[in-house]
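Engineer: Provided below are the primary sequence and the corresponding predicted coordinates.
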There are 2 protein chains.
Amino acid sequence: MNKPFSPTDIETSQGAGPDVSPKVTTGPLTGSRKVYSAPESDADLRVPLREINLADPDMPAFRLYDTSGPYTDESATIDVEQGLPPLRRPWIESRGAVEAYDGRSMKPVDNGNVSGKHLARNFPNLRQPIRGAGDAPVTQLEFARAGIVTKEMIYIAHRENAGRTQAAEEASARLADGESFGASIPEFITPEFVRDEVARGRAIIPANINHPESEPMIIGRNFLTKINANIGNSAVTSSVEEEVEKMVWAIRWGADTVMDLSTGRNIHNTREWILRNSPVPIGTVPIYQALEKVDGDPVKLDWEVYKDTLIEQCEQGVDYFTIHAGVRLGYIHLTADRVTGIVSRGGSIMAKWCLARHQESFLYERFGDICDIMRKYDVSFSLGDGLRPGSIADANDRAQFAELETLGELTKVAWDKGCQVMIEGPGHVPMHKIKVNVEKQLEECGEAPFYTLGPLTTDIAPAYDHITSAIGAGMIGWFGTAMLCYVTPKEHLGLPNREDVKTGVMAYKIAAHAADLAKGHPLAQARDDAISKARFDFRWEDQFNLSLDPETARQFHDETLPKEAHKVAHFCSMCGPKFCSMEITQQVRDYAAKLKGDQAAESPETVEQARREGMDEMSEKFREMGEKVYVPVEE
Amino acid sequence: MNKPFSPTDIETSQGAGPDVSPKVTTGPLTGSRKVYSAPESDADLRVPLREINLADPDMPAFRLYDTSGPYTDESATIDVEQGLPPLRRPWIESRGAVEAYDGRSMKPVDNGNVSGKHLARNFPNLRQPIRGAGDAPVTQLEFARAGIVTKEMIYIAHRENAGRTQAAEEASARLADGESFGASIPEFITPEFVRDEVARGRAIIPANINHPESEPMIIGRNFLTKINANIGNSAVTSSVEEEVEKMVWAIRWGADTVMDLSTGRNIHNTREWILRNSPVPIGTVPIYQALEKVDGDPVKLDWEVYKDTLIEQCEQGVDYFTIHAGVRLGYIHLTADRVTGIVSRGGSIMAKWCLARHQESFLYERFGDICDIMRKYDVSFSLGDGLRPGSIADANDRAQFAELETLGELTKVAWDKGCQVMIEGPGHVPMHKIKVNVEKQLEECGEAPFYTLGPLTTDIAPAYDHITSAIGAGMIGWFGTAMLCYVTPKEHLGLPNREDVKTGVMAYKIAAHAADLAKGHPLAQARDDAISKARFDFRWEDQFNLSLDPETARQFHDETLPKEAHKVAHFCSMCGPKFCSMEITQQVRDYAAKLKGDQAAESPETVEQARREGMDEMSEKFREMGEKVYVPVEE
């Protein structure tokens, strides 16, 4: 296992290659360990959490929502050739109404007609696909509407509670503190709440029945704000090995879903490796592969090749599809006066198709047929914003909003067909134009979850667009966006490498968490408080381990104060050993505790009296402290 | 010139060291050149601008506000031993009412009593200090109130207009588009507007008469949002050479002011080198040096040592002082229940002093005396927020706002004394609690400019606090903060190095610009539009050169597509040569232009007709294009 592997460099054929696997990153984050938890009602569930032990043995270990899958479980056996265990398979089978069948035959065109040494080996252990049979519920939306609480919903409730079995005592205070703009975040998530939100279309559970390896998760504004990381080889560069590792790497740092935006050759085989090894939902943009099948010429696209591609990807297990069905012929001219025209790749493909054929978009016209296919596999819609603005100048223009209105219309069609739906959003938007995007989306699309790219709040900082967009992402998340699609430092410039993926994920974990804090999510502030207490107490190791990126935090600290001893020293590197502002505040606290001990300390007179009484004593103490300001931590 | 120099490593004595200078970074940013411009009324002024020539010779060069001083002027002679030319000296002298005098004698304690090889060489060309004599106006506020438009004000107006001589035609549209929350940003800045804003206390011009090297700039919410970079050796590490270079480096990337937060030894001499070579205002926190003079023991601080330090720094030319005069004895116990107590170093020092002595803060009690000193040199107040929150949990608490109310009271005292004032703000604040900070500050402090640190919108990301805080900085800038103090990736962890300084400046240039965009500043969107047009036209070099960081943008691009030819290729690295979304939109534009050529194209019928008429022609064209999607740029 875990031997080096470069699929595109090896002379091999489908399924017959040497027994070597992509190398992936395994092992827990520093200071963390994987634990599993189950709700009382369903002891068979193994909901993953990340647990951080704190330096003080009296403090309970801190538990976090964990996206990283078995890769961070020291006791797990990772075999990329086998893929992850199909944990949802028994749930799906027990619900019935699905059938196994001989799937679509793989064609050379699926991998761009490459052969010989250029063809990446396919995943060796292919399963027979399954699909919904008849009218019985298949999708999570259908189950929810039928009043059925699925195992996925129970799992999700426990996961969203981070394993808590009841609302925290301080939760109501935290919740009251936020401003959620009409969202309805409960203090404690029940399976019934999950079901209700899915039934209302306010949340989705992207969970293709052919991707049973996925650990159920939910996207909706009454849950933790999620983030997506895009990966994908482009025609220019990259390999299968890199893409699988990018997925593992992205979820290690917190990506809740991953979109495989691969183009070019080996697109089918790359995706299979990713899906079989992914514990998070995988999204794709099927038109990218359809375009490959017609030699990259949008004009040659038609319903048949698109349909073929949808089925191919449904059978593989893709969990959600970006479909740009809102790019209608009549909207295209609305982009003509834009500074940056149409910047969505899918939007451009469809615009070109519409113009070249002078027909209404086949995605729009065949939308019902698309729903019928996706329903059978419970693939969720991510209705694409093909006319999203690509610059500050183009934000919130008529083209963008015309498309959004059509996405609202299509949302209702998809819901009627039993399909789950989320809606993609911009793009590039200055701060003052962000809020109306959420308001309009919620209104037009019946509160279907919003899934936005950034938005970038200025165009002037290529190489720093993870930051320009983290500003917009934090805000739009606060206003009600359910999932934030990350932007890496390479946006507009090139393809993200491993380090860029991590940087993008970090920026978006920050934005998502800042949004949860501002919305008043009951779990959010606990982590801030834990890390701030650790900071105040100079528990450096706890501060590192509780942070989003323990490795980098530790490394930055060690650059200035590399000695091991400093990590428990009672001063920080900003102030040096002679004086530290954190240390004095402990003294203040001791003093004020005395003042506050008196219940009547509220009245000015009593405060004054207490102060005077305490003065001699405190004065003496502080003078003593003044002689030895630097107090080493006693271990 | 520019020979290597490590002042703290060389055996030397004050003013008698070898003729070697700190090495500093010189030369323009790639693709830019320094130009100077003057308003018609004052042809002697040389207002610096950065000019970027675009690839298309028909496009006018793009002009930007420039903070970088003569260091980026290829024709300038940089001699760090001489310092920068004292450009404001003649203006100050011509206004009269100042006197040169023998300044305070330098004392060993000014540099921490170090000697021999540990003492950094002092700046070799010291000037005699000057100060205001009598009651005639000295400060920019006094001149403004007297109806006098100073040279500084004229310079600033031209600078804020980026050399424009009238409002741009499209300015009103841009301005109407923003939301400035009651700010009054004009389409064009006149010297009289500058004077009026200063007279009202809504803006300050930090310009100590002993820092004539500074290029005048203004801080106020009706002007471009400014950023500050902190530098400073701490007791633990760093050297004079590094600090001078950090200043030059910070302004190269866009810092509008620099705060020297040095502690420990050589604090006086380090500051002198920085001031004599700084074209931007320099701020300090005098209590840091005062504390050094009493061996780091806050309890030993008193008015005499503080006053001595103020005068020392006034004579050197420091432009603004952070003074934590709002940390009153009666507020200290309000921090006791905080998660992170008092995190401001100055705040902690004063809290300790107050508690140990059981007296009201001498900064508060002597505030009038402090004003009298600062007025004589026109040193601006930056009223410090010693009780700012150090964690999400502590944001907007009573301690913070009690201090803010006192800062409002002190603002009026300082104004009465003729002093310019800005107000420092938090800290750590979740998104939903940011706006009220600005509203309360404007109300309590009579619209004196707000100057905030971040705020960080979550505590959980040490090593990424430039991002956690850029989110808060963008928002608080939009709401009305006049200057944003940067936060580097090393916040909470260690001292920023050269790369951290740049990263912090970049994150804050983004936040400040995003704020200007959202406020509707008439100059802001022009740069976004220019870079977006360049992006759309695949003018890669223009995109790089117009960006905040041309070097990194170019480097990132070249990682994926390193060949020189690609920089003019008609596709981007995200899509590869086979298909590019940007390219198709040009075709859309051509098509729509045809539709729109018809004035009546607004009615659906005519659109439909025009569409049909154009269809055959366009169809043919698009089919042709389909055969050769990748069109090389013709040079």
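Structural biologist: Perfect, thanks for sending it.
Engineer: contacts and neighbour counts: CA atoms only from here.
Structural biologist: Fine.
Engineer: burial measure for A:R127, as a count.
Structural biologist: For A:R127, the neighbour count with other CA atoms under 10 Å in any protein chain shown is 13.
Engineer: For it, give its distance to A:I274.
Structural biologist: 15 Å (CA to CA, to the nearest Å).
Engineer: How about A:T25?
Structural biologist: Per CA to CA, A:T25 is found 14 Å from A:I274.
Engineer: now swap in A:R104 and tell me
Structural biologist: 19 Å.
Engineer: Show me which of these two is the more surrounded one.
Structural biologist: A:I274 (25 against 11).
Engineer: Confirm for me that that one is in contact with A:E243.
Structural biologist: Yes. If you go by CA atoms under 8 Å, A:I274 and A:E243 touch, sitting 7.4 Å apart.
Engineer: center of chain A - which residue?
Structural biologist: Residue closest to the average C-alpha location in chain A (CA atoms, centre = their mean): A:I227, at 2.4 Å.
Engineer: What's opposite it in the beta bridge?
Structural biologist: Beta bridges link A:I227 to A:L484, judged by DSSP bridges.
Engineer: where does it land on pLDDT?
Structural biologist: Here, the pLDDT recorded for A:I227 equals 98.
Engineer: tell me the contacts of it?
Structural biologist: The contact partners of A:I227, taken as CA atoms under 8 Å, 6 or more residues apart in numbering or on different chains, are A:G254, A:A255, A:D256, A:T257, A:M483, A:L484, A:C485, A:Y486, A:V505, A:Y508, A:K509, A:A512.
Engineer: was I right about the third one contacting A:V280?
Structural biologist: Yes. Contact status for A:D256 versus A:V280: in contact at 6.2 Å, counting by CA under 8 Å.
Engineer: So which residues of the stretch 251-400 of chain A form helices?
Structural biologist: Taking DSSP state H, counting those that start in this stretch as the criterion, the stretch 251-400 of chain A contains helices spanning A:267-276, A:286-293, A:303-316, A:345-357, A:362-365, A:367-377, A:398-416.
Engineer: Oh, that last question was meant for the stretch 101-250 of chain A, not what I typed.
Structural biologist: Ranges of helices in the stretch 101-250 of chain A, per DSSP H, counting those that start in this stretch, are A:140-145, A:151-160, A:171-177, A:191-199, A:240-252.
Engineer: lowest-confidence stretch among these?
Structural biologist: Lowest mean pLDDT within these: helix A:171-177, at a mean of 54.
Engineer: Break chain A down into its structural domains.
Structural biologist: A:8-118+A:132-525, A:526-566, A:581-625 (the TED database).
Engineer: looking at those, which is buried most?
Structural biologist: Neighbour counts (mean count of other CA atoms under 10 Å in any protein chain shown) averaged over each of the domains of chain A peak at domain A:8-118+A:132-525, with a mean of 22.
Engineer: A:P48 should be in a strand, yeah?
Structural biologist: Yes. The assignment for A:P48 (DSSP: H, G, I helix; E, B strand; the rest coil) places it in a strand.
Engineer: roughly how far apart are it and A:D66?
Structural biologist: Distance, A:P48 to A:D66, using CA to CA: 6 Å.
Engineer: So the closest residue to A:L310 other than its chain neighbours versus A:M153, what's the distance?
Structural biologist: Nearest non-adjacent residue to A:L310, counting by CA to CA, 6 or more residues apart in numbering or on different chains: A:P286, 6.4 Å away. In this view, A:P286 and A:M153 are 27 Å apart by CA to CA.
Engineer: for A:V436, same thing?
Structural biologist: To A:M153, A:V436 is 31 Å away according to CA to CA.
Engineer: Relative to chain B, how far out is A:P186?
Structural biologist: In this view, A:P186 and chain B are 18 Å apart by CA to the nearest CA, to the nearest Å.
Engineer: Next: A:F62.
Structural biologist: 13 Å.
Engineer: Is that residue bridged to anything, and to what?
Structural biologist: Bridge pairing for A:F62 - DSSP bridges - gives A:I52.
Engineer: I figured it hits A:A55, correct?
Structural biologist: No. Using CA under 8 Å, A:F62 is not in contact with A:A55, being 11.2 Å away.
Engineer: distance of the residue lying closest to A:P108 once chain neighbours are set aside from A:G264?
Structural biologist: In space, not counting the residues next to it along the chain, A:P108 is nearest to A:V114; the distance is 7.0 Å by CA to CA, 6+ apart. As defined by CA to CA, A:V114 lies at a distance of 10 Å from A:G264.
Engineer: low-confidence ranges in chain A?
Structural biologist: Residue ranges of chain A with pLDDT under 70: A:1-22, A:168-176, A:234-239, A:561-635.
Engineer: element containing A:A534, please.
Structural biologist: With secondary structure defined by DSSP states H and E, A:A534 is part of helix A:524-536.
Engineer: Residues contacting that helix, please?
Structural biologist: Residues from elsewhere that reach helix A:524-536 (CA under 8 Å, 6+ apart): A:174, A:513, A:516-517, A:540, A:542-543, A:546-547, A:582, B:339-341, B:391-393, B:458-460.
Engineer: so how far is the helix or strand just after that helix from its chain's centroid?
Structural biologist: Next in sequence after helix A:524-536, counting helices and strands by DSSP H and E, comes helix A:540-546. The chain centroid and the centroid of helix A:540-546 are separated by 23 Å, computed with CA atoms, centre = their mean, to the nearest Å.
Engineer: hang on, A:Y486 packs against A:M506?
Structural biologist: No. Using CA under 8 Å, A:Y486 is not in contact with A:M506, being 9.1 Å away.
Engineer: How about the contacts made by the closest residue to chain B within the stretch 1-150 of chain A?
Structural biologist: Here the stretch 1-150 of chain A gets closest to chain B at one residue, A:L64, 12.3 Å apart by CA to the nearest CA. Contacts for A:L64 (CA under 8 Å, 6+ apart) come out as A:L49, A:R50, A:E51, A:A162.
Engineer: A:L456 pairs with what?
Structural biologist: With DSSP bridges as the rule, A:L456 is bridged to A:H428.
Engineer: Next, the contact list for it, please.
Structural biologist: A:G427, A:H428, A:V429, A:P430, A:D465, A:T468, A:S469, A:A470, A:I471, A:G472, A:A473.
Engineer: try 6 Å
Structural biologist: A:H428, A:V429, A:T468, A:S469, A:G472 (CA atoms under 6 Å, 6 or more residues apart in numbering or on different chains).
Engineer: For those residues, which two are the farthest from each other?
Structural biologist: Using CA to CA, the pair of these lying farthest apart is A:V429 and A:T468, separated by 10.2 Å.
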